[in-house]
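> Sequence and predicted structure below; questions after.
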Amino acid sequence: MSPQHEAPSSSGGREQPSPAGGRDRSSAAGGRGRPAQGGGRRRPSAAQNSPRAADADRGRERATDTGQGQKRTADTGRGQQRTALGQERKDRDKGTDRQGGRRREGRNGGDRDDREPSRSGRALLDREDLRADCASCFGLCCVALPFARSADFAVDKVAGQPCSNLRPDFRCGIHAQLRDKGFPGCTVFDCFGAGQKVSQMTFGGTDWRRAPETSRSMSAVFPVMRQLHELLWYVTEALDLAPARPVHKELRRALTHLDGLTRGTAESITELDMNALRGEVNTLLLRASELARARVPGRKRNHRGADLIGAKLSGADLRGASLRGALLVAADLGGADLRDADVIGADLRDADLSGADLTGALFLTQAQLNAAKGDAATRLPPALSRPAHW
């Protein structure tokens, strides 16, 4: 329902969940600007960023495709917050929706009914708290994040200033017409449930309108929380990969640590070193990816960090390939086989996924799908929804 929409990026701009500060990108395909999450910084266009050298890849790996910061200063014992991770998982396994018992719809009204069963049957339940619940949020992405007038946004907005389309009830006044009104960038953003966590947990349900003194702090916490939740999404997915069992113990520790960090005070969250945290988690995710892709027979393609802008890959066999951080802006992937391909941080803006098979694609996010093009024949992983604009 709001701005800040981009595929995860790396330290070089692509291969990791976007850090708080990267939201104002220009599309190589059409000059689209993406709102900059933290400070209005503008990223160079995909065309300007390519080709990537090996050292940029290493930089991306350190700042990672995952998104975890390292200051372990979070206060994990807040009494009124949801307690142990183990209990949360039990609740989710029972189908409990802690945001009021509502079954959430897809971010853009997309369906979830066409999904296939998950790999282990746990993925959907385990990630319910990592899905945006706009009804439980104070419109934080419409306030905290800046955006620049471009093909993605009809106007300029600075960080901390509420969008003019935000209603008193924190809903978007033009949600059903965002693309028609010049705000397609809002339709591709996903906060991974960070909005409701900040609104209901970090600030205890007190909104910035009733308590204006919280506005600045809330706007600072939200981009960091979004990164933490994106990392939780990736780690949860990695734990659902049976071939990655050798790293499951370490992944569970990372999950518990990340979850604890999200329950800290506003001060402890904003002080986190997200680059260091992403680096730690990325190491685990990379190992999980390699183990999962090793089960795919034959030689796998390595397009990690590759410049594939506008590439003609229709019908390509990319099963088990590494596309981590690859620039696939406006690429033709129609009918391509992307099963078990690692696409963490891949830039899929305007990429054509019509008829492509993304079943089991590793670390694919809703934001990446929302930024791409597809059709009814595109096969998706079970945890994701078919975008309404396809």
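That came in fine, so what should we check first?
> Just the helices from this protein, written as ranges.
Listed in chain order, the helices of the chain (DSSP state H) span residues 46-49, 54-63, 85-93, 123-126, 184-187, 194-197, 215-239, 248-262, 266-270, 274-293, 366-371.
> Any chance of TSV for these, columns mean pLDDT and mean neighbour count?
For every residue, glycine as well, the C-beta is placed using N, CA and C. Shown next, in TSV, are the helices of the chain (pLDDT from 0 to 100; neighbours: other CB atoms under 10 Å):
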stretch	mean pLDDT	mean neighbour count
helix 46-49	34	17
helix 54-63	38	18
helix 85-93	40	14
helix 123-126	50	18
helix 184-187	87	25
helix 194-197	96	26
helix 215-239	96	25
helix 248-262	96	19
helix 266-270	97	18
helix 274-293	97	22
helix 366-371	94	26
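> Just put those helices in CSV and tack on distance to residue 390.
Shown next, in CSV, are those (distance: least, CB to CB, whole Å):
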stretch, distance to residue 390
helix 46-49, 22
helix 54-63, 29
helix 85-93, 28
helix 123-126, 21
helix 184-187, 12
helix 194-197, 24
helix 215-239, 21
helix 248-262, 32
helix 266-270, 35
helix 274-293, 26
helix 366-371, 8
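> Determine which of these approaches residue 151 most closely.
Nearest to residue 151 among the helices of the chain is helix 184-187 (7.5 Å), distances taken as CB to CB.
> Could you find the closest non-adjacent residue to residue 179?
residue 187 (6.1 Å; CB to CB, 6 or more residues apart in numbering).
> Under the pLDDT cut-off, which ranges of the stretch 101-250 of the chain? List them.
Across the stretch 101-250 of the chain, the ranges flagged by pLDDT under 70 are 101-126.
> what about 50?
Applying pLDDT under 50 to the stretch 101-250 of the chain flags residues 101-125.
> Give me the buried positions along stretch 299-318.
300, 303-311, 313, 316, 318 (16 or more other CB atoms under 10 Å).
> now swap in stretch 354-366 and tell me
354, 355, 356, 357, 358, 360, 361, 362, 363, 364, 365, 366.
> Strands of this structure, start to end?
Here the chain has its strands, by DSSP state E, at 24-25, 42-43.
> Residue 339 and residue 318, how far apart?
Using CB to CB, to the nearest Å, we find residue 339 at a distance of 8 Å from residue 318.
> swap in residue 275?
Distance from residue 275 to residue 318, by CB to CB: 30 Å.
> same question, residue 199
39 Å.
> show me what contacts residue 239?
By CB atoms under 8 Å, 6 or more residues apart in numbering, the contact list for residue 239 reads 126, 248, 251, 252, 255.
> farthest-separated two in the residues you listed?
126 and 248 (13.3 Å).
> Can you give me the distance of the residue nearest to residue 179 to residue 363?
Residue 187 is 21 Å from residue 363, by CB to CB.
> Equivalent analysis for residue 146, please.
Taken as CB to CB, the span from residue 146 to residue 363 is 27 Å.
> same thing with residue 311?
The gap separating residue 311 from residue 363 is 20 Å, by CB to CB.
> Then residue 162?
Distance, residue 162 to residue 363, by CB to CB: 33 Å.
> Same check on residue 329?
Separation of residue 329 from residue 363 (CB to CB): 18 Å.
> Need phi/psi at the residue found closest to residue 214 once you drop the neighbours it is linked to in the chain.
What sits nearest to residue 214 in space, not counting adjacent residues and going by CB to CB, 6+ apart, is residue 208, at 5.4 Å. Phi and psi for residue 208, reported as degrees, to the nearest 10, are phi -70, psi -20.
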